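Peer 1: Okay, here's the prediction I keep looking at, along with the sequence it came from:
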Amino acid sequence: ETGVAGGPAQQVLRLARLALAAGADGLVCSPHEVSRLRDAFGDAPLLVVPGVRPAGSDAGDQARVATPEETAAAGADWLVIGRPITASADPAGAAARIAAML
């Protein structure tokens with residue numbers, strides 16, 4: 001049931017269906033899947049999204065990133081924005097700037 005058949009888009013939806021059917025209240029997904037998951041499952045699952053980077057930030061080891069604005073507009077519930085804040089010389093300032101974007 002969890003085999004990989006089709007491309008990433010089909011795999012995301014297949015695994016999301018399995019998780020939700022098993023009783024999961026939410027899903028962790030890349031910013032690139034938020035819209036697709038919202039279209040398929042509506043507002044019910046909580047979507048937690050890592051890989052969120054302000055424009056111009058280093059993507060680091062995240063291959064599939066989006067800005068906080070894009071991710072929120074797509075329907076994410078929780079944005080995970082770690083290194084752009086923790087690696088900043090001014091973490092509080094970085095967090096405040098990101099919050100202001102939203």
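Peer 2: Now that the structure is in, tell me what you want to look at.
Peer 1: Leaving out chain neighbours, which residue sits closest to the residue most central in space within the chain?
Peer 2: With distances taken as CA atoms, centre = their mean, the residue of the chain nearest its centroid is V49 (2.2 Å). Leaving aside its sequence neighbours, V49 sits nearest to A76 (CB to CB, 6 or more residues apart in numbering; 4.3 Å). Where C-beta positions appear, they are placed from N, C-alpha and C, glycine not excepted.
Peer 1: go on, T71?
Peer 2: Counting by CB to CB, 6+ apart, P31 is the residue found nearest to T71 once chain neighbours are left out, at 4.6 Å.
Peer 1: what's in contact with stretch 79-86?
Peer 2: Stretch 79-86 is contacted from outside by 48-54, 57-58, 60, 68, 71-72, 91, 94-95, 98, using CB atoms under 8 Å, 6 or more residues apart in numbering.
Peer 1: Of these, select the buried ones using a ChimeraX command.
Peer 2: The following ChimeraX line selects those of the contacts of stretch 79-86 that are buried, judged by 16 or more other CB atoms under 10 Å:
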select :49,50,51,52,53,54,57,68,71,72,94,98
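Peer 1: From the contacts of stretch 79-86, which land in helices?
Peer 2: 68, 71-72, 91, 94-95, 98 (DSSP state H).
Peer 1: ok, which stretches of the chain are strands?
Peer 2: Counting by DSSP state E, the chain has strands at residues 26-28, 46-49, 78-79.
Peer 1: Dump the ones you listed to TSV, plus distance to G7 and mean pLDDT.
Peer 2: Output for the strands of the chain, formatted as TSV (distance: least, CB to CB, whole Å; pLDDT from 0 to 100):
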stretch	distance to G7	mean pLDDT
strand 26-28	18	97
strand 46-49	20	98
strand 78-79	25	96
